[in-house]
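K.L.:
Using only what follows, build the 3D model:
(3 chains)
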Amino acid sequence: RIMRPDDANIAGNVHGGTILKMIEEAGAIISTRHCNSQAGEPCVAALARVERTDFLSPVCIGEVANVSAEITYTSRHSVEVQVNVMSENILTGAKKVTNKATLWYVPLSLKNVNKVVEVPPIQYARKEQEDEGKKRYEEQKLDRLETKQRNGDVILPVINPEPHTVGYSQSSLIHLVGPSDCTLLGFVHGGVTMKLMDEVAGIVAARHCKTNIVTASVDAINFHEKIKKGCVITVSGRMTFTSNKSMEIEVFVDADPFVDEPRERYRAVSAFFTYVSLSKEGKPLPVPQLLTETEDEKRRFEEGKGRYLQTKAKRQAQMQQQAAQ
Amino acid sequence: RIMRPDDANIAGNVHGGTILKMIEEAGAIISTRHCNSQAGEPCVAALARVERTDFLSPVCIGEVANVSAEITYTSRHSVEVQVNVMSENILTGAKKVTNKATLWYVPLSLKNVNKVVEVPPIQYARKEQEDEGKKRYEEQKLDRLETKQRNGDVILPVINPEPHTVGYSQSSLIHLVGPSDCTLLGFVHGGVTMKLMDEVAGIVAARHCKTNIVTASVDAINFHEKIKKGCVITVSGRMTFTSNKSMEIEVFVDADPFVDEPRERYRAVSAFFTYVSLSKEGKPLPVPQLLTETEDEKRRFEEGKGRYLQTKAKRQAQMQQQAAQ
Amino acid sequence: RIMRPDDANIAGNVHGGTILKMIEEAGAIISTRHCNSQAGEPCVAALARVERTDFLSPVCIGEVANVSAEITYTSRHSVEVQVNVMSENILTGAKKVTNKATLWYVPLSLKNVNKVVEVPPIQYARKEQEDEGKKRYEEQKLDRLETKQRNGDVILPVINPEPHTVGYSQSSLIHLVGPSDCTLLGFVHGGVTMKLMDEVAGIVAARHCKTNIVTASVDAINFHEKIKKGCVITVSGRMTFTSNKSMEIEVFVDADPFVDEPRERYRAVSAFFTYVSLSKEGKPLPVPQLLTETEDEKRRFEEGKGRYLQTKAKRQAQMQQQAAQ
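P.N.:
Next up is the predicted model:
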């Protein structure tokens, strides 16, 4: 679809969240279709996880985003979907890969939303494809367990924070979940949640560096718990790390099922977003360093640095591999 | 894309206007892309006309609408696009043709919005395709001239109207044109206008028969004049004709460029929509007959009857032709 | 326009904020049109104030809201607009008055946004109408000055609040101002701000009483400062008073012009919203009493009680007057 002014920031770059939402809708369609392709219980695919994704080039207002999706692996109860987004300037005909994302879906029964139904297996062209898929499946399963355990953290408010401290830029928004945010099962679309997360992360980044910012990448996002229609969700973000030209922001999503439900507020999702600051000409700008004050902030900064260096090393290894080929 | 609750009426049927908007977006993308495919002035395709289109089967919330578009004819300054919409129930896999529409676009220069640029010619597989396209082109050109002439009519308010009279159901809405309604040139997308027209026509139909209604067809729509960002548009509709099971509603779109422009309010678009009334089980219901009072109303009723009988005759001829094959 | 599922809460009642946004759009259109009706500087009407308004009856999904607006007074630099909203059930034909609102607009020059242009005077049918309008004009002018002075208050976060205290239900949201939120001048529509304020107030009310709630009334709202495109706005609300069956919530809007502007965060708007709690059958429910802890909270509770008793007395006086006629 054509990118509109409402999809973009004031510099005309489309929000990463808009792209993430489109990716998730494509993934939900293809995996729901696949899981209903054989006789059996009708079901709706729910997003369980998005693998780390890089935004390779910004999309601008007036460009067309082309989204394509393909199922690349199925386990007994989950589906792996690969989604590619290309941006196309229909005036010049120029096309660019915007990003490639890998999503994991789990089919939930339409009659009993707590029941995961079985996924029809796909055919692989080569045996190695199945093996590689299985490896990816095992890896993500481990990682999901891990994030679930460190998921108890809370962002506390800070009174009168100094510029460039964590408290200075931390932000949160609340959103009442409406019918258009939800799937047929009455639960929030993963893409809607990701769009809100990107919105908060973007505000944290902009408050820190006071320039135009764009999403550079999103770390793996795990959707631990469903969020029901009528909930209030609180999306909060805080900066965890800055390199010379990038900022890492941790985002939490908490759900508050306050009407007609005896349940307490719970953590539904958490993730790390990386932003860069751009000049008016679209060049990356240096960002002010994050001032850490507490022990926790210093620890999170070091952990963020670890993730940053790991990603950098991986990218260099890939480039060398490509150069060697 | 997946149909959401906000795309539908209370019975769960997606508004014809939402479908028209999707059709127009697909047509605008393919024709803008084509018109910029050769070196030359950058341009944006503006909707000039939509041929009569029938809604063959209703689309429901949760279904996926698949839109495909193809260029079928080019004249020197215009592009004909054929758009097909299929609705797909991704749970059952069932697919149905929702409608087929033919749209005409005119490429306007990005630098000078009043200049129509030249369209690169397409290749035809067979000579007859070109000849048939040329015939369609000439026909629509004539029809556009004709509607332009009878475009001066105005809908006046009626005080205390009787049920089932024209005045009883006539309705209007106003809309302030915002940035997301507009193309890169700063003019309202044809699809946005058609969605508003369908909304008003639907209110007129529901006020008349007090049941759930759906769009059955839309007569050819001509876009005589562009509408600029910042305008207020008034969309008004009145019933012109009823058959046993259908209602015809005439809709006018007037633009009021009230800031920064010395220009008077002008008529931008007009069209006829046909609605049917549906029972809870989705069966067509008889509709109350329209009570005509003035001479003008009686004349419009007869004209509507003419269009109705003509369409019916055409459809029967097509069915006989198909049966004979 | 027809009320859609996204306009309503889970009980199907349309949000007061949606109604306020429609009212404001109608007021902005009629006053901008009037201020440009004579040769002179092109201008856009900006909302300066909304008088206290009561929501007389709830609107439901599927109903049509009819909005009509009329200019009732002009001073040299401001326009008073009276807006009426009727809800219409198009299936039964039943119509109800939803609310009547009075809005004040100020025309700002399109060329120089800090310049207020002159308003063409309207003609009054009777001299008394002009005198009464002038009286209303003077009264609102005084009230605007007054609220400006008590506008410095801030809502501080509370850690681990007890149920039914002020800290327990207080809420805030942030919103990045996009192009569709803004007028031609690039400033946020007053109606967009009011919709966000109603959203926060509704969440505060629902967190307090954990039932379905609806907006009962909104006290006069003064728009002290414009909010520019690209700002982040923080909308925060806290409960100030509860009677047996109603809750009063104070809402603040702060703007943070953080990109490309050296300016500090500032208070743009503040207002009081009153909510009632409804059972599934639409009957008003008793609400839990607000537990006040600090001196400030106790003072605000007493002030809220004052406003409550004053409004109650006014309403009784009106009813007696009507009964006597």
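
K.L.:
all contacts plus neighbour counts: C-alpha atoms, from now on.
P.N.:
Noted.

K.L.:
With adjacent residues omitted, what lies nearest to the one residue in the stretch 151-300 of chain A that gets nearest to chain C?
P.N.:
Nearest residue of the stretch 151-300 of chain A to chain C: A:Leu173, at 4.2 Å (Cα to the nearest Cα). Spatial nearest neighbour of A:Leu173, excluding adjacent residues (Cα to Cα, 6 or more residues apart in numbering or on different chains): C:Leu173 at 4.2 Å.

K.L.:
Give me the helices and strands touching the helix or strand where that neighbour lies, please.
P.N.:
Element membership for C:Leu173, per DSSP states H and E: strand C:171-176. Here strand C:171-176 touches strand A:171-176, helix C:190-209, strand C:232-242, going by 3 or more Cα pairs under 8 Å, 6 or more residues apart in numbering or on different chains; DSSP states H and E.

K.L.:
and that strand, which strands flank it?
P.N.:
Sheet pairing for strand C:171-176, assigned by DSSP bridges, gives strand C:232-242 (antiparallel).

K.L.:
Does the helix or strand following the strand it pairs with reach chain A?
P.N.:
Sequence order places strand C:247-256 as the next helix or strand after strand C:232-242, per DSSP H and E. No - under the criterion of Cα under 8 Å from any Cα of the partner chain, chain A is not reached by strand C:247-256; the shortest gap measures 9.0 Å.

K.L.:
Next, the angle strand C:171-176 makes with strand C:247-256.
P.N.:
30 degrees (axes from the mean of the first three to the mean of the last three Cα atoms, to 10 degrees).

K.L.:
From the chain's centroid, how far away is strand C:247-256?
P.N.:
Its chain's C-alpha centre and that of strand C:247-256 lie 11 Å apart, by Cα atoms, centre = their mean, to the nearest Å.

K.L.:
Next: stretch A:160-175.
P.N.:
With Cα atoms, centre = their mean, you get 21 Å for stretch A:160-175.

K.L.:
Ends of that stretch, what's the gap?
P.N.:
25 Å (Cα to Cα, to the nearest Å).

K.L.:
three-state assignment of the one residue in the stretch 101-250 of chain A that gets nearest to chain B?
P.N.:
Proximity of the stretch 101-250 of chain A to chain B (Cα to the nearest Cα) peaks at A:Ser180, 5.6 Å away. At A:Ser180 the chain is in helix, as set by DSSP: H, G, I helix; E, B strand; the rest coil.

K.L.:
For C:Asp7, see how far away it is.
P.N.:
10 Å.

K.L.:
now A:Arg300
P.N.:
Taken as Cα to Cα, the span from A:Arg300 to C:Asp7 is 41 Å.

K.L.:
So which of those two has more stuff around it?
P.N.:
C:Asp7 (21 against 16; other Cα atoms under 10 Å in any protein chain shown).

K.L.:
For A:Gln321, pull up the helix or strand it's in.
P.N.:
Here A:Gln321 is assigned to helix A:295-324, by DSSP H and E.

K.L.:
That helix: which residues count as buried?
P.N.:
Neighbour counts using 16 or more other Cα atoms under 10 Å in any protein chain shown place A:297, A:300-301, A:304-305, A:308 of helix A:295-324 among the buried residues.

K.L.:
Worst mean pLDDT among the helices and strands packed on strand C:171-176?
P.N.:
When the helices and strands packed on strand C:171-176 are compared on mean pLDDT, strand A:171-176 scores lowest, with a mean of 86.

K.L.:
what's the spacing between that one and its chain's center?
P.N.:
On Cα atoms, centre = their mean, the centre of strand A:171-176 falls 17 Å from the chain's centre.
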